[in-house]
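**Q** fold the stuff below for me.
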Amino acid sequence: MSFNLVDEKWIPCVLLDGSTDQFSLRDVFRQAKGIREIRDDSPLVTISLHRLLLAILHRNFGPRDFRQWEELWRAGDFDQQQLDAYFEQWHHRFDLFDAGRPFYQTGRMETKQPLPAATLFQQLAGGNNPTLFDHNLDRTPQLLGAPVAARGVIGYQAYSIGFGKSPDCWIGGQRRKTGYRSDAPLARGLSLLLRGDSLLQTLLLNLSEYRDDEADAPVWEQDGPEGLTVRDSPTGRLDLYTWQTRLLRLEPEAAPNGAACASWVHVAQGRKYSKEVEQRRGDPLKAYRRDEERGWLPLSPGEERALWRDSGALFELAHTDAPGREPPALNWAARAVAAECVARKHQYSLDVSGLCLEAGKAANVRLWRHERMPVPGEYLGDVELVGELRRSLQAAEEVGQAVRRTSWRVCTAFLSLSAERRPDREQVEHLLDHLAPERYYWSQLEVPFRQLLADLPADHLGGSARWRDALRAAAQSAFQRAAAALGPTMRAIRAVALHEGAFRGALNAILPKEVGDATA
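**A** Down below sits the predicted model:
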């Protein structure tokens, strides 16, 4: 059974006219100008597919420096002859079901107990995956078509979660102990993808500087990749983008119509990605923050924190000079705007994705986060404008803290008026969580934030004033909603009255009546 990714359709795409189709590896590059975006049901798979395509482009086109990148951008297409020659050379390594070297897998590898192929997807029930969105059973596993299975394998190698002991496996009849499972490179932190108007632009915007290293190669060019499990440091970007976190092998079978499918997969621990290596080198498609004690740490998604709240920090990173820590795509685009290679007033977008894991249960995925934020080109070319955005978002955080602080005091007063002793912290937290004033406050601000992004470049004073009005209105609405939820009793009225004046004073201190006058 064969399914070669160079020739077969398996990459899900949205075209410029809004229709959808699937493309082979060869054709996704040929048609990149007419494709709006790659879009899988899972944002984790979407990011992983881009890493694969970027590895192929880096291998063929570099770019060594900004000048070479500019030539690629102005050419408006990829050199198809060069890509065709590359796919001809390595065609035999892209077969999903090849007996000796199945793509992104380990040939002749098996475990005592294979898992349902649905295990490859976080959103499908199977193996240790919790039942989130479907109700597949391990004893009757879902039959996955080859296109879906291929996407699952690629996403699993990039996002599989560590924790727990990995089973022993046999490779070519030789037993191998694999130890404990470790995280894949993208399992922790936020993955970033800067998007243009087409897939061609998206790939180029994320194709930042790459200096070819003789030791660096994607996994399909490496001989005996299962031997790499002893190395926890990538040889370069190509090795990192095609990192094999797991030793795995799909069991192929034919569907009733004869199509190539898989329902079972053998899985064991593969290469362990060293956190120390990530601290030293970083991942080009992730964002980091500096911790004084622990060094560079990846920015992580919060279950209740909208990702746009960190946009100021992300945009600021596009201008930072900290070596190896800026998101290369944002930094590269900022250079392109400064060089007038890309339009300053054009609006791009930034996809931000990540996993939220359950506290205390490192292997349990609660949900994934995926947001698409607008990125006006002005912010990539103007560090002062980004600074103003940061200050606007900081004001929103301070108002949010005032909402929580005052609501906490109201809840404490409300509970104290009905008890002989002061309520404990857990009681107050429970009531405050029930009222949820902070969640309501932040839920009202996403639309005003997008308006702020659009307003600041052309109308600094007006945009800032409208944003401050939106913050005040959202805060007052959240406070009044929480107060009303306490009920119309005298106890509730007294608790609110004790702190309402201080709340108005806090808002006035954070949001002066006149923009730029802190004493107003």
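**Q** in stretch 411-419, what counts as buried?
**A** The neighbour-count check on stretch 411-419 (16 or more other Cβ atoms under 10 Å) flags 411-415 as buried. In short, each C-beta sits where N, CA and C put it, glycine included.
**Q** that stretch: how far from the chain's middle?
**A** Centroid separation for stretch 411-419 versus its chain: 42 Å, with Cα atoms, centre = their mean, to the nearest Å.
**Q** residues in contact with it?
**A** With contact meaning Cβ atoms under 8 Å, 6 or more residues apart in numbering, stretch 411-419 is reached by 422-423, 427-428, 431-432, 435, 486, 491-492, 494-495, 498-499.
**Q** could you do stretch 434-443 as well?
**A** Under the contact criterion Cβ under 8 Å, 6+ apart, stretch 434-443 has outside partners 304, 306, 309, 399-400, 403-404, 407, 411, 474-475, 477-479, 481-482, 485-486.
**Q** give me the buried entries from the residues you listed.
**A** Buried subset of the contacts of stretch 434-443 (neighbour count, 16+ other Cβ under 10 Å): 306, 309, 399-400, 403, 407, 411, 474-475, 478-479, 482, 486.
**Q** what's around residue 483, how many residues?
**A** By other Cβ atoms under 10 Å, 22 other residues sit near residue 483.
**Q** host element of it?
**A** Using DSSP states H and E, residue 483 maps to helix 460-485.
**Q** can you put the contacts of stretch 411-419 in TSV and add distance to residue 349 and secondary structure?
**A** TSV is the format used below for those (distance: Cβ to Cβ, whole Å; DSSP: H, G, I helix; E, B strand; the rest coil):
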residue	distance to residue 349	secondary structure
422	49	coil
423	46	coil
427	44	helix
428	41	helix
431	39	helix
432	35	helix
435	35	helix
486	41	coil
491	49	helix
492	44	helix
494	49	helix
495	44	helix
498	46	helix
499	41	helix
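**Q** what's the most distant pair in those residues?
**A** Spatial extent of these (Cβ to Cβ) is set by the pair 422 and 435 at 19.0 Å.
**Q** between these two, who's got more neighbours?
**A** Taking other Cβ under 10 Å, residue 422 and residue 435 do not tie; residue 435 has more neighbours (21 against 10).
**Q** I'd like to know which of the contacts of stretch 411-419 are buried.
**A** The neighbour-count test (16+ other Cβ under 10 Å) marks 423, 428, 431-432, 435, 486, 492, 495, 499 as buried among the contacts of stretch 411-419.
**Q** mind checking how far stretch 342-350 is from the chain centre?
**A** With Cα atoms, centre = their mean, you get 20 Å for stretch 342-350.
**Q** what are the buried residues along the helix or strand bottoming out on mean pLDDT in the chain?
**A** Ranked by mean pLDDT, DSSP states H and E, the weakest helix or strand in the chain is helix 311-317, scoring a mean of 75. Using 16+ other Cβ under 10 Å as the test for burial, helix 311-317 gives 311-312, 314-317.
**Q** surely residue 12 meets residue 22?
**A** Yes: counting by Cβ atoms under 8 Å, residue 12 sits close enough to residue 22 to count as a contact (5.5 Å).
**Q** those two - which one has more neighbours?
**A** Remark: of residue 12 and residue 22, residue 12 carries more neighbours, 20 against 13, as counted by other Cβ under 10 Å.
**Q** reformat the buried ones among the contacts of stretch 434-443 as a markdown table; add distance to residue 234 and pLDDT.
**A** Formatted as a markdown table, those follow (distance: Cβ to Cβ, whole Å; pLDDT from 0 to 100):
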| residue | distance to residue 234 | pLDDT |
| --- | --- | --- |
| 306 | 32 | 76 |
| 309 | 32 | 84 |
| 399 | 43 | 96 |
| 400 | 39 | 95 |
| 403 | 45 | 96 |
| 407 | 47 | 95 |
| 411 | 50 | 92 |
| 474 | 45 | 96 |
| 475 | 47 | 96 |
| 478 | 46 | 96 |
| 479 | 50 | 95 |
| 482 | 50 | 94 |
| 486 | 55 | 92 |
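**Q** okay, those residues in a markdown table with distance to residue 186 next?
**A** Shown next, in a markdown table, are the buried ones among the contacts of stretch 434-443 (distance: Cβ to Cβ, whole Å):
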| residue | distance to residue 186 |
| --- | --- |
| 306 | 21 |
| 309 | 21 |
| 399 | 33 |
| 400 | 29 |
| 403 | 34 |
| 407 | 36 |
| 411 | 39 |
| 474 | 33 |
| 475 | 36 |
| 478 | 35 |
| 479 | 39 |
| 482 | 38 |
| 486 | 44 |
